[in-house]
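Student: Provided below are the primary sequence and the corresponding predicted coordinates.
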Amino acid sequence: MSEPLTILCLATYFKGERFMRSAAALGARVYLLTVEKLLGREWPRDILADVFAMRAGAEIGEVTRTVSYLARNIRFDRIVALDDFDVETAASLREHMRIPGMGDTTARHFRDKLAMRVKAREAGIAVPDFVHVLNYDAVREFMTTVPAPWMNKPRSEASASGITKVRDADQLWELVARQGDRQSYFLLEQFLPGDVFHVDSIVSEKHTVFAAVNQCKTPPFDVAHGGGIFATRTVPRGSSDETELLELNERVLKCMNLVRGVSHVEYIKGRHDGRFYMLECAARVGGAHIADMVEAASGINLWEEWAKIEVGGGKAPYVLPPARREYGGLVMTLAREECPDTSMFSDPEVFYRSPEKNHIGLITRATSHARIEILLDEYTSRLSAMSASLPALSKPLH
């Protein structure tokens, strides 16, 4: 009898329970490596073979030595990054231990905002104009040819974290001076007003077998840096936006060489030309309960299907379960109370309520796009009296 597949999951944030449970249900032996501050969280210890923890902020060398030590007695077959910030660590560990899966070069396309833009532009995929904050003559030329404002973006953060909107050259050079020796870890990008979309996909053997196209009510940058309520919803089925983004998303994931797994890709539809531009490309499940919204609309749980693909490892064919073509909506905000009461949101369309403390999150499910729009507008208005705001996020909204 063959030994069960052994998976090591990396999680520096509390997430991925559905992945771990699904993998275990498929017969895998699942281990978790997290950080010390998360040891007390509600991990699915009933199905985990063991849980290990490291100090927060451990360098890759320290993580490599720790996992290599564990590997003296555990033969790891897969290493899975459950959060965006674990993608590069997992890739480095796979390279070091010669474990199948995404390696360092491919991981950079999903974590390094500069690398993903260069790769996309080489493939003819539209991205906002950008320049690496490296050579000052190149930066000056960019500012001369691309009108302000610009977005100064860290290359390895996630979503809207660490982004600064720059109004003119003086502000940019002040910012660069403060960044000091870290300035080459940033890029300067054209600011494009427009509507932000995200496509959440499942990929098996380089083929996108499922993709959900969604549109944000307010750009995540505006929510992260200005406060307010994050809201997103399924785009109208069969619309030109859905059709165009499904085709573009397929091109993006092939360009980035995602072999198998899940992805969360953000796009903006430029207000000036109506064209779609790729903003961010991540090899992870979207945060802020986007996976639950996708499940509300389609019946497909991204975490569970990802586990099936990971356990299969390309050897067993993956078959997508039947998917609904309904609609989902999501509203999420910080709350003034630790455990806010959401019982007043009693519509039968409410599919899910977020359990996080000091947060209010509601997901709705309906058979029509119009009904989701009505509910999101109503809930956003009602939640404005219950929401709280904090300074710009130090970790991603989604």
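Tutor: Looks like it came in fine.
Student: For stretch 170-186, which residues meet the burial criterion?
Tutor: By 16 or more other CB atoms under 10 Å, the buried positions in stretch 170-186 come out as 171, 172, 175, 176, 183, 185, 186. Where C-beta positions appear, they are placed from N, C-alpha and C, glycine not excepted.
Student: Tell me where the longest helix sits in the chain.
Tutor: Identified as the longest helix of the chain according to DSSP state H is helix 240-256.
Student: counting contacts, what elements does the very next helix or strand once past that helix pack onto?
Tutor: Where DSSP states H and E defines the elements, the next helix or strand beyond helix 240-256 is strand 261-270. Judged by 3 or more CB pairs under 8 Å, 6 or more residues apart in numbering; DSSP states H and E, strand 261-270 is in contact with strand 194-204, helix 240-256, strand 276-282, helix 302-312.
Student: how about a markdown table for the buried residues of stretch 170-186, with pLDDT, secondary structure and distance to residue 269 added?
Tutor: Converted to a markdown table, the buried residues of stretch 170-186 look like this (pLDDT from 0 to 100; DSSP: H, G, I helix; E, B strand; the rest coil; distance: CB to CB, whole Å):
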| residue | pLDDT | secondary structure | distance to residue 269 |
| --- | --- | --- | --- |
| 171 | 97 | helix | 27 |
| 172 | 97 | helix | 26 |
| 175 | 97 | helix | 28 |
| 176 | 97 | helix | 30 |
| 183 | 96 | helix | 31 |
| 185 | 96 | helix | 29 |
| 186 | 97 | strand | 25 |
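Student: Mind picking the one among the residues you listed that's closest to residue 112?
Tutor: residue 185 (9.4 Å; CB to CB).
Student: which SS class is the one residue sitting closest to the centre of the chain?
Tutor: Centre of the chain computed as the mean C-alpha position; nearest residue by CA atoms, centre = their mean is residue 286, 3.8 Å away. When classified by DSSP: H, G, I helix; E, B strand; the rest coil, residue 286 comes out as coil.
Student: I'd say residue 37 and residue 56 touch.
Tutor: Yes. Assessed by CB atoms under 8 Å, residue 37 is found in contact with residue 56 at 6.1 Å.
Student: In a markdown table, list the helices and strands packed on strand 261-270 along with mean neighbour count, mean pLDDT and distance to residue 77.
Tutor: Putting the helices and strands packed on strand 261-270 into a markdown table (neighbours: other CB atoms under 10 Å; pLDDT from 0 to 100; distance: least, CB to CB, whole Å) gives the following:
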| stretch | mean neighbour count | mean pLDDT | distance to residue 77 |
| --- | --- | --- | --- |
| strand 194-204 | 23 | 97 | 18 |
| helix 240-256 | 18 | 98 | 24 |
| strand 276-282 | 23 | 96 | 24 |
| helix 302-312 | 22 | 97 | 9 |
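Student: what's the closest of those to residue 7?
Tutor: So among those, helix 302-312 is nearest, using CB to CB, at 6.9 Å.
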